[in-house]
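Undergrad: here is a sequence together with a model predicted from it:
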Amino acid sequence: MNKQEVGILVVDDELIVRESLGKWFREDGFRVDVAESAAAALRKLQSDCWNIMLVDIKMPGMDGIELLQRVKQINKTITVIIITAFASVDTAVKALKDGAYDYITKPIDPDYLDHLVEKALKEQQLILENQQLRNAVSELSTGGDIVGESPEMKKVTELIATVAPADTTVMIRGESGTGKELVARAIHNQSPRKFFPIVTVNCGAMTETLLESELFGHERGAFTGAQFRRKGKVELADGGTLFLDEVGNVDMKTQMDLLRVIETKQFTRVGGSEIVHSDFRVICATNKDLEKAVKVGTFREDLFYRLNVFTICLPPLRGRKGDVAKLAHFFLEKYARAMNKPTDGFTPEAMLALKAHDWPGNVRELENAIERAMVVSNGPTIEKEHLPLQMMAHSTVEGRKLEDIEHQYIMHVLAETGWNISRSAAILDIDRVTLYHKIQKYGLKRNQ
Amino acid sequence: MNAIELQPLADAETDLLQVLGTALQDTFHVPVLIRTDSLPLAQFYDLVRGQYNSTEILHFIDASRRSSPHADNPHPQKKVSVVAITGMDLFMPILTYVFGEAVLGGDVAVVSYHRFRNELYGLPSNRRLLLERLCKVAIHELGHTLGLVHCSFQHCVMHAASYVEELDLKGHEFCPYCRSSIGKSTSARR
């Protein structure tokens, strides 16, 4: 904080005190003014900004305590330091209760005064930074990325608003690419836990042992390569939200561990015996038919009921075609900003093609299509030719499996990027591990 | 600033003033005059506090200079800063003590070396340290008369120090920023 920007107002009926303190702070480089009474101080409060007020407790007319109360009504952020002639515990306690930062007795130790002011300014700086961060978080937490005016999406938005303030476990269901993580973040960001982290665990991308270590952390020497103690995602989510993505892919052993930690909020790190507590809310997502998995015995029934307290089902994009245009424009503006590339929208043909497509990859596919179109377009208008070719070729998915389309689309993106895994994963909006998993699953090869 | 005048107060030790005079001359590169007449301090003594009121001392010296402006300064267009030196303990009315006080952008400063004596803190006497502290505070107060405020650079002589340990940590020279500010301030006055 630049000292010249810091305003200090000295309020005392004694001229010598006003002069001495005024001079002391001026020599320190602060912007200083003095007031001979509480009334004069209140006038100066209206006309200028003050960071710190040094207020004499005993003044004719309105005293320091009353002035303190008035100041706090007007502006809570001003630091008020009370000056007393005698160390009176009663008045000091009263002043502190009324919001005074501290009190000092006359005559003042210059060293103490300097440190008190320095401490108060540091605290103000922290409060200011905290406020700025909170504002930034609030801006991010408005859930603005959930776009859609269809009745289905309005229902989803209502459900998010309903469940967010409660600490209830939420299960988000929907096809791949429908925005399950976005909904999880919106719930977290509208919940009282929003100032704590939301920690995502992609359960589908890990082996049994890796997932266990990822969830619960490990102690040093727990296994080969565990050179340091590492906190798990459950521990990192303390105070916040644990988002279990693709929870349907969790193996039976980890399902049991998960159930225990969700119920007790206690666990031990891999290779450790110390009980660790973590206060977290669980949101999970799946595109699997968990009821069927329970029936066939691949998913624990008790865990299913523990997770399936409040369900939000996300409609596939083909089920809310009315939102395609709005989403397309939303992504167009998003990437225009990101790429610093001016745009004036889509040609009617391009928009028709977007609306005609069935979007098996849902919103993620649409977003990727727009991003790609922005990259390949030379002018400000997105034309039909700029849209991904396979989208043009397969404007219907009748008789085709989702897996076939995913297989083909991944192959297409890999070919476009020259098998650059990081870039392909970014375009597909999945992590690299998932991409490797899918490459393995579909048996994709470079020169295929 | 075109010249500095050292004004002893009451019991100020002459040999200290001589060393201080040389240090100030080296720092500011202006002539330093050490006055031989000593100002009595009795009228500035506060019976309750057992200390001398630095603000009143400053007002007194300032008023004396204004009432006979040319008596001590034959070239009134030139800035002559007066630093009064005493071995007595000083206070500003609201503060428990001060090492020194100056009129910000004015011509008068007062410095006490009372608290620079090691004996006050139960330590063996150290004349060199006392002189070092005195020089630092006198340069600091003269800096205020040149319009400088406290500097955040810890080694700059304009860094605020309200206890001797802090005083010992800082240097006796102006940092480049304060030095350049003095240049501006003096040229502005001219």
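TA: Looks like it came in fine.
Undergrad: let me know how buried the closest residue to chain B within the stretch 251-400 of chain A is, in neighbour terms.
TA: Using C-beta to the nearest C-beta, the closest approach of the stretch 251-400 of chain A to chain B is made by A:N340 at 38.7 Å. C-beta coordinates here come from the backbone N, C-alpha and C atoms, glycine included. Using other C-beta atoms under 10 Å in any protein chain shown, A:N340 has 6 neighbouring residues.
Undergrad: relative to A:M374, how far out is it?
TA: Distance, A:N340 to A:M374, by C-beta to C-beta, to the nearest Å: 11 Å.
Undergrad: joint contacts of those two?
TA: Residues touching both A:N340 and A:M374 (C-beta atoms under 8 Å, 6 or more residues apart in numbering or on different chains): none.
Undergrad: what residues are up against A:G418?
TA: Applying C-beta under 8 Å, 6+ apart, no residues qualify as near A:G418.
Undergrad: show me what contacts residue 89?
TA: Because you didn't say which chain, this covers chain A. Taking C-beta under 8 Å, 6+ apart as the definition, A:V89 has no contacts.
Undergrad: sorry, should have said chain B
TA: With the criterion set at C-beta under 8 Å, 6+ apart, B:D89 makes contact with B:G50, B:Q51, B:Y52, B:Y97, B:S112, B:H114, B:R115.
Undergrad: do that again at 6 Å, thanks
TA: B:Q51, B:H114 (C-beta atoms under 6 Å, 6 or more residues apart in numbering or on different chains).
Undergrad: from B:L134, how far off is it?
TA: 14 Å.
Undergrad: likewise B:E5?
TA: 16 Å.
Undergrad: swap in B:M1?
TA: 19 Å.
Undergrad: more neighbours, the two?
TA: B:L134 (24 against 18).
Undergrad: the more buried one belongs to a helix?
TA: Yes. Counting by DSSP: H, G, I helix; E, B strand; the rest coil, B:L134 is part of a helix.
Undergrad: now it. Nearest residue, chain neighbours left out?
TA: Using C-beta to C-beta, 6 or more residues apart in numbering or on different chains and skipping residues adjacent in sequence, the residue nearest B:L134 is B:Y113, 4.7 Å away.
Undergrad: pretty sure that neighbour contacts B:C135?
TA: No. In this structure B:Y113 lies outside contact range of B:C135 using C-beta atoms under 6 Å: 10.0 Å.
Undergrad: report the distance from stretch A:151-170 to the chain centre.
TA: Centre-to-centre, stretch A:151-170 and its host chain are 17 Å apart (C-alpha atoms, centre = their mean, to the nearest Å).
Undergrad: and the closest residue to A:V117 other than its chain neighbours, how many neighbours?
TA: Spatially, and ignoring its direct neighbours in sequence, A:V117 is nearest to A:I52 (6.4 Å; C-beta to C-beta, 6+ apart). Neighbour count of A:I52, defined by other C-beta under 10 Å: 22.
Undergrad: so what's A:I52 up against?
TA: A:I8, A:T79, A:A120.
Undergrad: in helices, which of those residues appear?
TA: A:A120 (DSSP state H).
Undergrad: residues from chain A in reach of chain B?
TA: Within chain A, the positions near chain B by C-beta under 6 Å from any C-beta of the partner chain are A:16-17, A:20-21, A:26-29, A:107-111, A:114.
Undergrad: turn those into JSON lines, columns for distance to A:L402 and neighbour count.
TA: JSON lines is the format used below for these (distance: C-beta to C-beta, whole Å; neighbours: other C-beta atoms under 10 Å in any protein chain shown):
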{"residue": "A:I16", "distance to A:L402": "84", "neighbour count": "14"}
{"residue": "A:V17", "distance to A:L402": "79", "neighbour count": "22"}
{"residue": "A:S20", "distance to A:L402": "80", "neighbour count": "24"}
{"residue": "A:L21", "distance to A:L402": "75", "neighbour count": "25"}
{"residue": "A:R26", "distance to A:L402": "73", "neighbour count": "17"}
{"residue": "A:E27", "distance to A:L402": "74", "neighbour count": "21"}
{"residue": "A:D28", "distance to A:L402": "69", "neighbour count": "19"}
{"residue": "A:G29", "distance to A:L402": "67", "neighbour count": "18"}
{"residue": "A:P107", "distance to A:L402": "81", "neighbour count": "18"}
{"residue": "A:I108", "distance to A:L402": "75", "neighbour count": "22"}
{"residue": "A:D109", "distance to A:L402": "75", "neighbour count": "16"}
{"residue": "A:P110", "distance to A:L402": "75", "neighbour count": "21"}
{"residue": "A:D111", "distance to A:L402": "73", "neighbour count": "16"}
{"residue": "A:D114", "distance to A:L402": "69", "neighbour count": "20"}
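Undergrad: show me these that map onto strands.
TA: When DSSP state E is applied, these are split such that none fall in strands.
Undergrad: first-to-last residue distance for stretch B:27-36?
TA: 22 Å (C-alpha to C-alpha, to the nearest Å).
Undergrad: would you mark the buried spots in that stretch?
TA: B:T27, B:F28, B:V30, B:V32, B:I34 (16 or more other C-beta atoms under 10 Å in any protein chain shown).
Undergrad: residues touching it, excluding its own?
TA: Against stretch B:27-36 from outside (C-beta under 6 Å, 6+ apart): B:M1, B:N2, B:A3, B:I4, B:E5, B:L6, B:Q7, B:L17, B:G21, B:L24, B:Q25, B:I139.
Undergrad: chain center to it, what's the gap?
TA: 12 Å.
Undergrad: any idea of the mean pLDDT for it?
TA: The average pLDDT within stretch B:27-36 is 93.
Undergrad: burial count for the nearest residue to A:N362 once chain neighbours are set aside?
TA: Excluding the flanking residues, the one nearest A:N362 by C-beta to C-beta, 6+ apart is A:G177, at 3.5 Å. Residues within reach of A:G177, counting by other C-beta under 10 Å, total 25.
Undergrad: may I see the buried residues of stretch A:156-165?
TA: Residues of stretch A:156-165 classed as buried by neighbour count (16+ other C-beta under 10 Å): A:V156, A:L159, A:I160, A:V163, A:A164.
Undergrad: tell me the one of the residues you listed nearest B:K78?
TA: A:A164 (74.4 Å; C-beta to C-beta).
Undergrad: thought that closest one was touching A:R193?
TA: No. Assessed by C-beta under 6 Å, A:A164 is found out of contact with A:R193, at 9.5 Å.
Undergrad: the residue nearest to A:N362 - that's part of a helix, no?
TA: No. Read with three-state DSSP, A:G177 is coil and lies in no helix.
Undergrad: surely it and A:L366 touch.
TA: No. If you go by C-beta under 6 Å, A:G177 and A:L366 don't touch, sitting 8.5 Å apart.
Undergrad: out of the helices and strands in chain A, which is least certain?
TA: helix A:389-393 (a mean of 57; mean pLDDT, DSSP states H and E).
Undergrad: report the buried residues of whichever helix or strand comes after that one.
TA: Counting by DSSP states H and E, the next helix or strand C-terminal to helix A:389-393 is helix A:402-416. Neighbour counts over helix A:402-416 (16+ other C-beta under 10 Å) mark A:L402, A:I405, A:E406, A:H407, A:Q408, A:Y409, A:I410, A:M411, A:H412, A:V413, A:L414, A:E416 as buried.
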